[in-house]
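Novice: task: produce atomic coordinates for the following.
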Amino acid sequence: MKIILPIAGKGVRLRPYTNELPKCLLPVGGKTIIDWIVEDADRLTPKETIFIAGYKAEKIQEYLEKKPEWGNTRVVLQMNPQGLGEAIARGLPYVNDGEPLLIILGDTLFEADLAQLEFAEDNVLYTYKVSDPRRFGVAVTNEKGEITELVEKPQTYVSDEAIVGIYYIKDTAELRKALRKMISKDIRSNGEIQLTDALQMMIEAGCKFKTAPVERWLDCGLPETLIDTNSIMLNKNDNSANFHFPGTKIIPPCHIGKNVKLENCTIGPNVDLGDNCSLRFVNIKNCVVWANESLSFTLIENQIVASC
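Specialist: Reported below is the predicted structural model:
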């Protein structure tokens, strides 16, 4: 199996933070977004993980050089993004026909059982039941649980199973064929080469797709949603019990980075402190604090703290 992670976007809704870093490298819950995704997928022991990068691609490359434990990785450039379908097409030359492929969008976090893919006989799209399907692309299934149609933002009810951005493809040759056709004939939806359109072509060509559930779907696309996601992920990565600082109270869950200095502070709940931070007389909760920040004599709530 190989994995493709599309991470070329500019993350405009997260500015000014993405002026400094690509979205996938933003910290949340004591790790970067991409750390959470890759480490979760590593249980499948992929032969290679392919990153489709564009905006600040050099930052991605630098980060991967610090991650030898991730095994074989490759950065493929998409400097003029033309849609998710085009991004995947750029990664497909490094995937053999018949070789299983897992595609995971690099801008959301999730709780899902990926281990079941080792035994999957069909293509699989992970979905999450939503109360308002009109905001999402959804998968329509038949009585056998097979996907019959993919519908983008349906205005009348056809399904409540929203497609979350995790795609397991066994019929890689058919995916390649569909994307080549779309690109050669410039078939676009909303101005872009869409992966969903290629998957629909595969369904119409007879490829079988089934759904698998996502237990939790976490958004990192806006500052306020990233802060909410931070509080959830900290429950998985709370290391606050390992630290004691003079005059300081730490209320879990929190994640404390390396070489952090705290003096007379109240930290937490739900605070991620990056490496080399220094805080004196600070009361802080529900925040993500980037590495190397210094704060004194302040009260901070519900913020991303970064010098950018």
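Novice: quick one: least confident helix or strand in this protein?
Specialist: Sorting the helices and strands of the chain by mean pLDDT, DSSP states H and E puts strand 108-112 at the bottom, at a mean of 88.
Novice: strand partners (parallel or antiparallel) of the next helix or strand after that strand?
Specialist: Next helix or strand after strand 108-112 toward the C-terminus (DSSP states H and E): strand 123-129. Strand 123-129 has the following strand partners under DSSP bridges: strand 161-169 (antiparallel), strand 209-219 (parallel).
Novice: what is the subsequent helix or strand relative to the longest one?
Specialist: Heading C-terminal from strand 209-219, the first helix or strand you meet, by DSSP H and E, is helix 223-234.
Novice: from what I see, residue 78 and residue 88 are in contact.
Specialist: No - here residue 78 does not reach residue 88: they are 9.8 Å apart, not a contact under Cβ atoms under 8 Å. Any C-beta I mention is one placed from the backbone N, CA and C, and that applies to glycine too.
Novice: check the strands paired with strand 123-129 for me and report the most buried one.
Specialist: Highest mean neighbour count among those (mean count of other Cβ atoms under 10 Å): strand 161-169, with a mean of 23.
Novice: quick check: angle from it to strand 108-112?
Specialist: On the basis of axes from the mean of the first three to the mean of the last three Cα atoms, to 10 degrees, strand 161-169 is oriented at 80 degrees to strand 108-112.
Novice: which residues does strand 161-169 contact?
Specialist: Identification of contacts with strand 161-169 by Cβ atoms under 8 Å, 6 or more residues apart in numbering yields 100-105, 107-108, 110, 112, 114, 117, 120, 123-130, 133, 136-139, 141, 150, 175, 195-196, 199, 211-212, 214, 217.
Novice: re earlier: counting by contacts, list what the least confident helix or strand of the chain packs against.
Specialist: The contact analysis (3 or more Cβ pairs under 8 Å, 6 or more residues apart in numbering; DSSP states H and E) places strand 108-112 against helix 33-41, strand 161-169, strand 209-219.
Novice: can you list the domain ranges for this structure.
Specialist: Structural domains annotated on the chain: 2-222, 238-305, as defined by automatic domain parsing.
Novice: could you dump the ones you listed to JSON lines with distance to residue 231?
Specialist: As requested, these are exported to JSON lines (distance: least, Cβ to Cβ, whole Å):
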{"stretch": "domain 2-222", "distance to residue 231": "8"}
{"stretch": "domain 238-305", "distance to residue 231": "4"}
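Novice: weakest of these by average pLDDT?
Specialist: Ranked by mean pLDDT, the domains of the chain end with domain 2-222 at the bottom, a mean of 92.
Novice: that domain: how far from the chain's middle?
Specialist: In terms of Cα atoms, centre = their mean, to the nearest Å, the centre of domain 2-222 is set 9 Å apart from its chain centre.
Novice: can you tell me the distance between the two ends of it?
Specialist: One end of domain 2-222 to the other measures 30 Å (Cα to Cα, to the nearest Å).
Novice: how about the nearest residue to residue 129, chain neighbours excluded?
Specialist: Once flanking residues are discounted, residue 129 sits nearest to residue 160: 5.1 Å by Cβ to Cβ, 6 or more residues apart in numbering.
Novice: close enough to count as contact, the one you found and residue 130?
Specialist: Yes - using Cβ under 8 Å, residue 160 is in contact with residue 130, at 5.8 Å.
Novice: still on that earlier bit, quick one, which of the contacts of strand 161-169 are buried?
Specialist: Listed as buried from the contacts of strand 161-169 are 100-105, 107-108, 110, 112, 114, 117, 123-128, 130, 133, 136-139, 141, 150, 175, 195-196, 199, 211-212, 214, 217; burial here means 16 or more other Cβ atoms under 10 Å.
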